[in-house]
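Trainee: Quick one, structure for this:
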Amino acid sequence: MGGDPGRDHPGAIPSARLPGGIRAFTAEGGGSRLDLTGAGLDGAWVTIRFRDAGSGGIARLLVTVLCEGRHGAVLQEEALGGDRFAWTGRLPEALRALVLSPLAPGRPFALVDVAIHRRGRLALVARAVLRAPRLTVRAVYWRALGLKVRGRGLLSAALGQRRGTGYAAWIRRFDTLTAPERARLRAEAAAWVDPPLISVLMPVHDPAPAVLEAALRSVRAQLSPHWELCVADDASTDPAIVRILAAHAAADSRIRVTRRAVNGHIARATNEALALARGAYVAFLDHDDVLAETALFHVGAAIRADPDLVLIYSDEDKIDGRGRRFEPHFKSGFDRELLYGQNYINHLAVVRTAAVRALGGLRPGFEGSQDHDLLLRLTQGLAPARVRHIPKVLYHWRAAGGSGTFSDRALAQAETARLRALAQVAAPFGARAERGPLGFNRLVRPLPHPAPRVSVIIPTRDRAELLGTVLRGLFGATDYPDIEVVVVDNDSREPATDALFASYAEEARLRILPVPGPFNFSDLSNRGAAAATGAVLLFLNNDVEIVEPGWLAEMVSLALDPSVGAVGAKLLYPDGTLQHGGIVLGIGGVAGHSHPGLPGEEPGYFARMVLTQEVSAVTGACLAVRAEAFARVGGFDAAHLAVAFNDVDLCLRLREAGYRNLWTPYARLVHHESKSRGPEDTPEKRTRFEAEMRVMQARWEPQLRADPYYNPNLSRTAAHFRL
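Mentor: Numbering: from 1, shown residues only. Reported below is the predicted structural model:
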């Protein structure tokens with residue numbers, strides 16, 4: 001790390017500009033500490049600004065407040081564009097220092113231009129009004145009544161709101177290089193010692209000359225010089241194509257062209273380009289698409305940081321004939337399950353050359369899905385640590401005339417090829433490939449014979465009308481052969497509950513487990529798990545309604561995979577909108593549901609809500625897990641997380657133990673959320689909820705700030721998958 005308040009000097013100790021002068025940071029572990037004792041900032045409203053050189057607006061550090069020798073809250077900084085970040089809010093009364101630490105191991109930050117400025121009340125209110133007018137009005141109202149703490153809390157919440165932005169504005173702020181930035185990247189790449197050579201493979205067959213020119217120019221304009229372009233002309237009939245390729249090869253010795261005598265289609269042409277490759281890695285570029293000028297710089301930097309990588313991929317967007325960029329795809333980190341369903345990796349994909357050759361390259365006969373087929377074969381058994389997602393838009397996919405888009409017939413052929421590719425990958429573990437929604441793949445895992453027993457654990461306190469609905473659904477409308485239901489009864493007293501229990505007295509599959517005392521969801525669930533006899537545990541709220549028979553078989557088929565920890569379902573509100581599509585970390589400070597309020601049949605962001613996928617966590621309202629995995633991580637945390645976030649904590653401990661957590665849209669239920677215990681709307685409940693938030697933040701803050709399945713370019717105000 002290095003720099004001073006105004007200039008970037010690598011290797012120097014960073015400093016900060018404060019209202020009373022300049023103070024230097026001191027090294028602390030892998031980060032830095034800024035001592036603020038005597039700075040007069042205790043309880044002050046401030047804006048903290050800094051630049052993390054080379055970050056590109058993707059957070060790489062945590063800013064933590066140190067109070068009386070203890071770490072306090074982590075400040076949720078806002079990306080301003082380029083490498084600049086800021087946070088506005090009130091510092092605590094007992095302030096001692098700010099500690100800046102890397103968000104993840106192996107991802108150092110380069111801190112420069114740090115400044116802390118005091119903010120006046122009028123400026124704060126004006127800023128808050130622009131972000132959250134209603135919250136700001138409430139803050140001013142309570143402050144006028146003399147309720148300072150409530151007013152401060154509301155004002156802080158208003159200042160923390162982020163407004164959505166359009167893609168054009170995002171490009172201007174986060175994806176437009178200045179001349180000095182461009183020069184810095186060129187110089188940095190030129191200075192690399194033993195840089196990885198990246199061979200760009202381009203199969204060509206009769207594109208419009210203008211789009212081929214644009215594709216070739218985008219390679220030659222790369223800020224990193226460590227590339228070669230291997231072109232295989234697949235017997236193009238337009239003489240202009242031959243002339244264009246020859247001219248570029250003559251102008252740049254890094255471009256080599258081979259020409260096929262007979263058209264063999266994209267797989268054979270790509271393999272001929274692969275035969276020319278001398279680089280340790282190959283990048284795939286279609287003849288009509290465009291690379292961002294930083295593409296091979298960022299790929300090269302990733303490889304230099306981790307030479308063991310086998311697959312690197314980036315975000316992408318589309319580009320039209322006028323050069324207008326649109327429809328960005330801000331992708332998940334590596335998600336094996338999502339890749340079964342769709343080729344979300346797509347462009348830009350860069351693969352270790354030896355790995356591609358070991359697989360025999362692309363397979364003829366899979367045209368239209370040849371890339372998906374390659375990625376499925378490549379990632380089969382590949383450790384996730386050897387895959388790297390670069391959350392930057394490095395590839396522009398042509399969507400215009402002359403780009404050779406597929407006809408309906410070609411799309412059908414591609415779909416058939418995609419299913420065949422998945423079927424071959426799935427066969428070794430007994431699964432099968434089916435056509436899913438919108439033509440995507442669906443991987444169906446078999447249940448063993450006999451199917452394992454599932455213990456359904458339902459904590460409850462009265463509300464017999466809700467519990468009766470879920471019991472009827474389990475015993476009469478669920479197509480699964482071996483169920484036991486453990487109802488963990490927490491001090492039910494109403495006659496209707498007694499009558500419900502009596503009506504099931506002859507049901508051998510139902511057990512009532514009395515657990516008196518204060519409501520503690522984690523403890524009740526753990527007690528139910530201890531009493532269960534099933535190999536699979538299914539934690540289910542008493543306000544869930546079963547609406548289709550195959551939901552449990554789907555969840556169990558996933559939970560039985562030894563690599564899988566928790567499995568969650570698609571939960572809908574009674575009005576048919578989405579309540580739970582998986583949990584995204586960092587939303588609202590800890591976690592929030594994906595795609596909240598989306599109409600239940602809508603596909604969501606790039607079809608995420610109709611495809612099985614990995615997630616960081618799923619809700620405990622309907623959560624399946626193998627009993628041995630649940631026991632291995634110690635169950636729910638009854639001591640510190642009695643009600644809120646216990647499901648998120650469990651899922652994160654499962655991930656820490658090496659398991660994947662999955663969410664499936666093929667298990668669909670209705671959730672009458674919080675009808676049994678009510679909302680968090682009393683002072684006691686709010687106090688408990690805030691304490692549980694602090695537990696989660698202290699325990700999991702780096703994970704909460706960097707959900708691998710939610711792109712860091714997307715808004716964290718809510719998980720709507722918007723900028």
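Trainee: Where does the prediction get shaky in this structure?
Mentor: Applying pLDDT under 70 to the chain flags residues 1-13, 69-72, 104-106, 162-165, 400-410, 674-683.
Trainee: Run through the strands of the stretch 601-723 of the chain in chain order.
Mentor: 613-615, 622-626, 660-671 (DSSP state E, counting those that start in this stretch).
Trainee: Pairing partners for the shortest one, with directions?
Mentor: Paired with strand 613-615 in the same sheet, following DSSP bridges, are strand 660-671 (antiparallel).
Trainee: okay, the angle between the strand it pairs with and strand 622-626?
Mentor: Counting by axes from the mean of the first three to the mean of the last three C-alpha atoms, to 10 degrees, strand 660-671 lies at 140 degrees to strand 622-626.
Trainee: which parts of strand 660-671 are buried?
Mentor: 660-671 (16 or more other C-beta atoms under 10 Å). Any C-beta I mention is one placed from the backbone N, CA and C, and that applies to glycine too.
Trainee: go on, stretch 617-632?
Mentor: Of all the residues in stretch 617-632, those buried under the rule 16+ other C-beta under 10 Å are 617-627, 629-630.
Trainee: Same list as before, those that is, but in a markdown table and with distance to residue 514 included.
Mentor: Output for the buried residues of stretch 617-632, formatted as a markdown table (distance: C-beta to C-beta, whole Å):
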| residue | distance to residue 514 |
| --- | --- |
| 617 | 30 |
| 618 | 28 |
| 619 | 26 |
| 620 | 21 |
| 621 | 22 |
| 622 | 24 |
| 623 | 23 |
| 624 | 25 |
| 625 | 24 |
| 626 | 27 |
| 627 | 22 |
| 629 | 27 |
| 630 | 22 |
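Trainee: Residues contacting the helix or strand that residue 501 is a member of, please?
Mentor: Counting by DSSP states H and E, the element that carries residue 501 is helix 495-503. Residues from elsewhere that reach helix 495-503, judged by C-beta atoms under 8 Å, 6 or more residues apart in numbering: 462-465, 467-468, 471, 487, 489, 492, 512.
Trainee: Residue 155: which of those residues is nearest?
Mentor: Closest approach to residue 155 among these (C-beta to C-beta): residue 463, at 38.1 Å.
Trainee: one step back: for residue 324, find the nearest of the strands of the stretch 601-723 of the chain.
Mentor: Of all the strands of the stretch 601-723 of the chain, strand 613-615 sits nearest to residue 324, with 30.2 Å by C-beta to C-beta.
Trainee: So residue 89 sits against residue 158, correct?
Mentor: No: in this structure, residue 89 is not within contact of residue 158 by C-beta atoms under 8 Å, at 10.5 Å.
Trainee: for this structure, which helix is longest?
Mentor: helix 683-705 (DSSP state H).
Trainee: what comes up buried for it?
Mentor: 688, 692-693, 695-697, 699-701, 703-705.
Trainee: Next SSE downstream of the helix or strand in which residue 169 is found?
Mentor: In the assignment (DSSP H and E), residue 169 maps to helix 167-174. Beyond helix 167-174 on the C-terminal side, the first helix or strand identified by DSSP H and E is helix 179-190.
Trainee: Show me what the helix or strand that that next one is followed by packs onto, helices and strands only.
Mentor: Per DSSP H and E, the first helix or strand lying C-terminal to helix 179-190 is strand 198-204. For strand 198-204, the elements it packs on are helix 209-220, strand 227-233, helix 265-276, strand 281-284, helix 295-305, judged by 3 or more C-beta pairs under 8 Å, 6 or more residues apart in numbering; DSSP states H and E.
Trainee: Rebuild those as a markdown table, extending it with distance to residue 599 and mean neighbour count.
Mentor: Below are the helices and strands packed on strand 198-204 laid out as a markdown table (distance: least, C-beta to C-beta, whole Å; neighbours: other C-beta atoms under 10 Å):
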| stretch | distance to residue 599 | mean neighbour count |
| --- | --- | --- |
| helix 209-220 | 37 | 19 |
| strand 227-233 | 45 | 25 |
| helix 265-276 | 37 | 21 |
| strand 281-284 | 36 | 26 |
| helix 295-305 | 36 | 22 |
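Trainee: got CSV for the ones you listed, with distance to residue 504 too?
Mentor: Below are the helices and strands packed on strand 198-204 laid out as CSV (distance: least, C-beta to C-beta, whole Å):
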stretch, distance to residue 504
helix 209-220, 68
strand 227-233, 69
helix 265-276, 60
strand 281-284, 59
helix 295-305, 58
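Trainee: Show me the one of the ones you listed that comes nearest residue 108.
Mentor: helix 295-305 (9.8 Å).
Trainee: Neighbouring strands of the helix or strand just after that closest one in the sheet, and parallel or not?
Mentor: Tracing the chain past helix 295-305, the next element assigned as helix or strand by DSSP H and E is strand 311-319. Neighbouring strands of strand 311-319 in its sheet, by DSSP bridges, are strand 325-329 (antiparallel), strand 349-352 (antiparallel), strand 387-398 (parallel).
Trainee: Let me know which of these is tucked in deepest.
Mentor: Comparing those by mean neighbour count (mean count of other C-beta atoms under 10 Å), strand 349-352 comes out on top with a mean of 24.
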